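Peer 1: next input, structure requested:
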Amino acid sequence: KDPLTGEMILEGGALVLADKGVCCIDEFDKMMDSDRTSIHEVMEQQTVSIAKAGIMTTLNARVSILAAANPAYGRYNPKKSAEQNIQL
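Peer 2: Predicted coordinates:
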């Protein structure tokens, strides 16, 4: 809520603020699956859809995403694939 008017307001998150730029995400492996799934819309559609508190809108998020994840068991194993090392 806006502290002055009491009306509901909408603030863009990291992906919206990074429009036409790069958003770097660390600890990608520790992110909840639902959050990771939400990022797929941004990567495919270049938009973020929001339906919250009576506000329904689509915001531009024409952004490149650079994600970093830690290897499983704390150490990268060159004998395994990237997927096996990160375990996403």
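Peer 1: give the other helices and strands that the longest helix seen in the chain contacts.
Peer 2: In the chain, ranked by residue count with DSSP state H as the criterion, the top helix is helix 33-45. Using 3 or more C-beta pairs under 8 Å, 6 or more residues apart in numbering; DSSP states H and E as the contact criterion, the secondary-structure elements in contact with helix 33-45 are strand 47-52, strand 64-67. (C-beta placed from N, C-alpha, C; glycine too.)
Peer 1: average pLDDT for that helix?
Peer 2: Confidence for helix 33-45, expressed as mean pLDDT, is 87.
Peer 1: the most centrally placed residue in the chain - nearest residue in space that isn't next to it in sequence?
Peer 2: Within the chain, the residue whose C-alpha comes closest to the C-alpha centroid is Ile39; the distance, by C-alpha atoms, centre = their mean, is 4.5 Å. Counting by C-beta to C-beta, 6 or more residues apart in numbering, the nearest residue to Ile39 once its immediate chain neighbours are dropped is Ile65, at 6.7 Å.
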